[in-house]
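Engineer: fold the following, please.
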Amino acid sequence: MLLTEICQDLILVIFDYLPVLDQGRLGQVCQCLAILAREVLAKTEVIRFRSDTTDRRFVRSCFGAARPALRDLSVPLADTLQAQQLGVQFTDRIHHTAILTTWITRSCSNLVRLDLSGRGPFLQDCLGPITQSCKQLESLIFNARPTQMKELIRLEPAGMVALPALTELDLSGVLLCIPILFNILYKVVYSKPTAVRKLKTLILQDCGDIGFVNSFNGGTSALIYEMGPCLQKLDLAHCLNLSNEGISNVAKSCVNLTHIDLSALTHQSLTEIDDATIRCVIDHCKSLEIISIAGCSAITDMGLVSLHSNARHLRELDISGCLRLTSMTLMYLADHPTLEKLIFNEVPRGVYPAGAVAISSLRRLRELELGGSTGGMGLLDVVEMLSRHSMLQRLSLSWCAVATISLIDIVMKNNAALRYVDVSCCQRIGEQDYQLLRATYSACEFRWEEILKWI
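Structural biologist: From the prediction side, this is the model:
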């Protein structure tokens, strides 16, 4: 039987069971399937690819016609290693991004969410046309992958216009000159007074020096300050030169923040968030659910003294690498009613055993990370602490010098709800121990990697 003799309605039903990627591939087989593929794709509301492709025919089959129903599009760009494995040249990636941008601006004018992860280096060529064509965008993700060669973008994207419906903007990993970043935020987000009050998520993670000037008369911090109570998520992790004055003023304006990330890149980072600043954030943003200050080595116990009283909605706290903290910080968290995830890698000496008692009082705790802990954490303290958490579901002890198979065995017997345990790079746990744990506790997922892999 020929393909043309099969009922087209039956073929369309088969198409509906296929992923969008396979639908686009089938559209390249013959003219008959191309027509059917275009008919199916015209009704598709969500298209999400796992990695990029430089095949022009494939791009044409997916976006060659108008897509008025398409609302959610994700076309990530493979990182450098993945591109080499796929045999994709850098020039092909540039050409493909240009073609993709052209098709998006022509065919997908009703997009609400656009994810172009990994295409940060091509931002200056794509941002202008996209903002001009897709006026209904609510979420724009235009970041750079960590493994990409990061180059400082010095040319301002041409033709940028405001996106009045924008609620999420992700530029993480895109190294921009301070004036360029300022202009992008101003033109795309702040050009219209109504637009700035709609932005709920701003992610500038790993953007380098983003221009948080000490004087609050201008710069990036002034724009974020103007976003006011609408802003709910602010990610400034690994950004340099974050002034305490700038962050304090942002906290006083963005009082409805639920997620803030001020993690420092290293302990030697130029970012020196002090106690007064983090205390100001906690006191003014009382709806905070996620706080990350990992690597902020200047913060002491005094900066977190109001966690229990003011952060009553806190669900996740990351204080890894805060080497000046003591057991007092954990005592401030004792009996916290909502805390479900605690990340405290590189635990300083002197935190235990008092800290173990405080952690054991967190009855809602579901995830706990204590990676990188050394002799400062006593073996008996760990066992005693974890044996009281009958609801603990995920535990990470990676790079923990005191972790042994007998310790993990005791923890597993006392925590029936555990479903994930990370014992990677633990000196006293070898591959045979790992296999024994997997065989003994089959209901739990174990993660183990050799130390040599990371050397």
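
Engineer: for the stretch 201-350 of the chain, what are the low-confidence residue spans?
Structural biologist: Where the stretch 201-350 of the chain drops to pLDDT under 70, the residues are 211-219, 265-271, 349-350.

Engineer: and the strands in it?
Structural biologist: Secondary structure of the stretch 201-350 of the chain (DSSP state E, counting those that start in this stretch): strands at 201-203, 233-235, 259-261, 290-292, 316-318, 341-343.

Engineer: for the last one, packing partners?
Structural biologist: What that stands for is strand 341-343. In terms of contacts (3 or more CB pairs under 8 Å, 6 or more residues apart in numbering; DSSP states H and E), strand 341-343 is packed against strand 316-318, strand 367-369. Backbone N, C-alpha and C define where each C-beta goes, glycine included.

Engineer: equivalent analysis for the fifth one, please.
Structural biologist: Taking 3+ CB pairs under 8 Å, 6+ apart as contact, the helices and strands that strand 316-318 lies on are strand 290-292, strand 341-343.

Engineer: give me every residue that touches residue 251.
Structural biologist: By CB atoms under 8 Å, 6 or more residues apart in numbering, the contact list for residue 251 reads 257, 277, 280, 281, 284, 285.

Engineer: not counting residues beside it along the chain, what's closest to the second one?
Structural biologist: Spatial nearest neighbour of residue 277, chain neighbours left out: residue 244 (4.2 Å); criterion: CB to CB, 6 or more residues apart in numbering.

Engineer: who wins for proximity to residue 419 among the helices and strands packed on strand 341-343?
Structural biologist: Closest approach to residue 419 among the helices and strands packed on strand 341-343 (CB to CB): strand 367-369, 10.5 Å.

Engineer: tell me how far that closest one lies from the chain's centre.
Structural biologist: With CA atoms, centre = their mean, to the nearest Å as the basis, strand 367-369 stands 18 Å off its chain's centre.

Engineer: dump the helices and strands packed on strand 316-318 to JSON lines, plus distance to residue 396.
Structural biologist: JSON lines is the format used below for these (distance: least, CB to CB, whole Å):
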{"stretch": "strand 290-292", "distance to residue 396": "16"}
{"stretch": "strand 341-343", "distance to residue 396": "8"}
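
Engineer: just name the most buried of those strands.
Structural biologist: Across these, averaging neighbours per residue (mean count of other CB atoms under 10 Å) puts strand 290-292 on top, at a mean of 21.

Engineer: who does it touch, helix- and strand-wise?
Structural biologist: strand 259-261, strand 316-318.

Engineer: list the contacts of it.
Structural biologist: Strand 290-292 is contacted by residues 237, 258-263, 281-282, 311, 314-318, 343 when judged by CB under 8 Å, 6+ apart.

Engineer: what pairs with it, and is each one parallel or antiparallel?
Structural biologist: Sheet partners assigned to strand 290-292 using DSSP bridges are listed as strand 259-261 (parallel), strand 316-318 (parallel).
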